[in-house]
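# Turn this into a model:
(2 chains)
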Amino acid sequence: MADPAPKPKFDLGKYITETQLYKSMFRHGYTTSDRDRALSVMTNVFFHLHPVKVRKSGARFGFTWCAGGLSFFVFLTLVVSGILLMFYYRPTVEHAYNDILALREHVPFGIMRELHRWGAHAMIITVWLHMFRVFMTGSYKPPREFNWVIGVLLLVLTMLLSFTGYLLPWDQLAMWAITVGSNMARATPFLGHEGPGAALLAIGDIQLVTSGSDVRFALLGGRFVGAGALLRFYILHCVAIPTILVVLMSVHFWRIRKDGGISGPL
Amino acid sequence: MEALKHFIDSVSSPVTIFTLATVLFVLFVSFPRISTSKPVSLLLLALFLAFFGLGLTDEHFRGIVTTPDNVPIVGLIVVFGYFTWYAMRKAVINDMRMEKGEPTVEQTETNEKVLVFPYLIFIEFVVALAYGAGLVLWSIFLKAPLEEPANPMVSPNPSKAPWYFLGLQEMLVYFDPWIAGVLLPTFIIIGLCAIPYIDRDTSGSGFYSFKNRRWVITTYLFGFWILWILLIVMGTFLRGPNWNFFGPFEVWDVHKVVPLLNVNLSELIWIKWLGIGLPKMWFVRELPGILIVLGFLFITPVILAKTVLKSAFKKLDPIRFGILVLLALMMLSLPIKMYLRWGFNLKYIVAIPEFFFNI
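Coordinates of the predicted model:
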């Protein structure tokens, strides 16, 4: 009696990659060939932020410290945790504090607010670190000078994002930190009512720049940090600044590719 | 131990800390080969750990350092301390290779290309994972602070801005808000943006190096470490009620009395030196100060162009040189004003309260 032909071993990986479902999502095989690896970057919208190949010196952790990519990742985690926080939070003087309190008291093992707050601090550190690395490797030099400028704007926006979020818990820490910070705007030359030159902007005896019309009033929606400021900071924090940030980030990432990829020695 | 802590407190003051930090910084960048060598870096690490360890045994110090919103500053110091050392170390190694005529570490690999998937994506994945794990642990062990509900009637003493703006708040000691809060931050942003348009020499691009970029890197590190991080640390950890200065182990006493001795330059000149009293017209009264400020901003660049910075003036065109020197002078105006305050109790160089214009 002849042995029956040995049954081919069942290969789960092969089975999955040959289903119509898988093939509809990924247009290439999953082997270790260069072709498949290149395709997995080119045909994937998320990986496609990268080129297919990069300089070996630039693909090292020791060169980039991953600080720029990490900043982006931290931003994404902040978007996720921020959206979840928005479900529970109402930006009114009546509710804001109690909503934060409820997040702490009523959510079992709730760390969403912590993830968001510490993530915000972490993002400031990673953004500073990214800038520091780019400076130390001289990567801001031509042809990358405009992308450095975009980066500086992103740095400022990151800090403003963190600053506007600082007010939202509506506790003593929040309110007085924003009071101290926004008091500076009062002294803006010409535009703040206690700034040098503001008194010159007058028609006859009528002052144009007063505590009710200066740049601080525009920021706070009032003469002090109150309900108007809470709403404005909420909208700046959740809508306005993130929108600008995403636009500038797109430019920043796109320009890396257009300016010759990650920097390397000539 | 108590005697040591008391000694540290008694010698701590803005002037001693700022001067000590500046001296250490100058030593660090003057001898990068020695300061990044193993024994010296280990010694610096040991000193930091010893000070921090000693500090944590002190109730007051521990209280400030472990305040939830202050923890990131400790993390910041550790992260940036390490990466400053790391970048300088790599720069020194590359400098030595270049001296011997060898290519830099980056140059040996720059023409080789690797596939992004899997090599780079793998690194990014691991870093993201490590960050995620770290953040979750941080969030579990440290609760986000929540104080009493906001009350416009009760202002905490001291009231502090978020920590990343505390460098600016600390500047308020030396400058009025229109300079510390508006003018200098604007100049910081403009100055950062201007860097690649002034330093355009592409030969130092894309790898770590120090020797050929000594002045550029030193200026940046001085601005970052001394004028930004150090001021944040002082403003957060060492400024107590009424923004008075306290040593690291000193209890924040609300009733600490600090005499106010500061005088304006105009008072020094017209009353103390000339003995004729302040003139009535503000522009006569403030003329000496205005002349000093204008001279500082517009005559210094000319003198520098003809003396110390002659070579830089030749390399850059007049516009670039002018912007560079103006930015550098704005940066230096902070330490200059600090030392004028510490040395001569000088309040304002130009004081025109009529127009909120005080320098």
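# Let me see the confidence value for residue B:201.
Looking at residue B:201, its pLDDT is 89.
# Could you report the neighbour count for it?
Residue B:201: 13 surrounding residues under other CB atoms under 10 Å in any protein chain shown. Any C-beta I mention is one placed from the backbone N, CA and C, and that applies to glycine too.
# again with residue A:94
Neighbouring residues of residue A:94 were enumerated by other CB under 10 Å; the total is 10.
# what's the single longest helix in chain B?
If you go by DSSP state H, chain B has its longest helix at helix B:71-99.
# Can you show me the strands along chain B?
All strands of chain B, identified by DSSP state E, fall at B:113-115, B:351-352, B:357-358.
# Export those as TSV, with columns for mean neighbour count.
TSV is the format used below for the strands of chain B (neighbours: other CB atoms under 10 Å in any protein chain shown):
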stretch	mean neighbour count
strand B:113-115	17
strand B:351-352	19
strand B:357-358	20
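# how about CSV for those strands, with mean pLDDT and distance to residue B:216 added?
Supplementary listing: the strands of chain B in CSV, determined by pLDDT from 0 to 100; distance: least, CB to CB, whole Å:
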stretch, mean pLDDT, distance to residue B:216
strand B:113-115, 92, 29
strand B:351-352, 91, 36
strand B:357-358, 90, 33
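# possible to save the ones you listed as TSV with distance to residue A:39?
Below are the strands of chain B laid out as TSV (distance: least, CB to CB, whole Å):
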stretch	distance to residue A:39
strand B:113-115	11
strand B:351-352	69
strand B:357-358	65
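# Including distance to chain A, could the ones you listed go into JSON lines?
Listed next are these as JSON lines, based on distance: least, CB to the nearest CB, whole Å:
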{"stretch": "strand B:113-115", "distance to chain A": "4"}
{"stretch": "strand B:351-352", "distance to chain A": "8"}
{"stretch": "strand B:357-358", "distance to chain A": "4"}
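# Please tell me how far the nearest residue to residue A:40 once chain neighbours are set aside sits from residue A:253.
Distances taken as CB to CB, 6 or more residues apart in numbering or on different chains place residue B:117 nearest to residue A:40, at 4.9 Å, with adjacent residues excluded. Note on residue B:117: its distance to residue A:253, by CB to CB, to the nearest Å, is 17 Å.
# Mind splitting chain B into its structural domains?
Domains of chain B are assigned by automatic domain parsing as B:2-113+B:160-243, B:265-358.
# tell me the most buried of those?
Highest mean neighbour count among those (mean count of other CB atoms under 10 Å in any protein chain shown): domain B:2-113+B:160-243, with a mean of 17.
# hmm, back to that, please report the confidence value the model assigns to the residue nearest to residue A:40.
For residue B:117, pLDDT reads 87.
# tell me, what residue is most central in the chain?
Answering for chain A, as no chain was given. residue A:75 (3.5 Å; CA atoms, centre = their mean).
# nope, chain B please
Taking CA atoms, centre = their mean, the centroid of chain B lies closest to residue B:227, which sits 1.9 Å from it.
# Next one: the closest residue in space to that residue that isn't next to it in sequence from chain A, what distance?
What sits nearest to residue B:227 in space, not counting adjacent residues and going by CB to CB, 6+ apart, is residue B:334, at 6.0 Å. According to CB to the nearest CB, to the nearest Å, residue B:334 stands 16 Å off from chain A.
# check contacts around residue B:334.
Residue B:334 is in contact with B:171, B:174, B:175, B:184, B:227, counting by CB atoms under 8 Å, 6 or more residues apart in numbering or on different chains.
# Residue A:94 versus the fourth one, what's the distance?
Residue B:184 is 38 Å from residue A:94, where distance means CB to CB.
# Could you do residue B:83 as well?
Computed as CB to CB, the residue B:83 to residue A:94 distance reads 45 Å.
# Can you tell me the number of residues neighbouring residue A:236?
Counted with other CB under 10 Å, residue A:236 comes out at 19.
# Once you drop chain neighbours, what's closest to residue A:43?
The nearest residue in space to residue A:43 (CB to CB, 6+ apart) is residue A:27, at 5.1 Å.
# ok, how many other residues are close to the one you found?
Using other CB under 10 Å, the number of residues around residue A:27 comes to 11.
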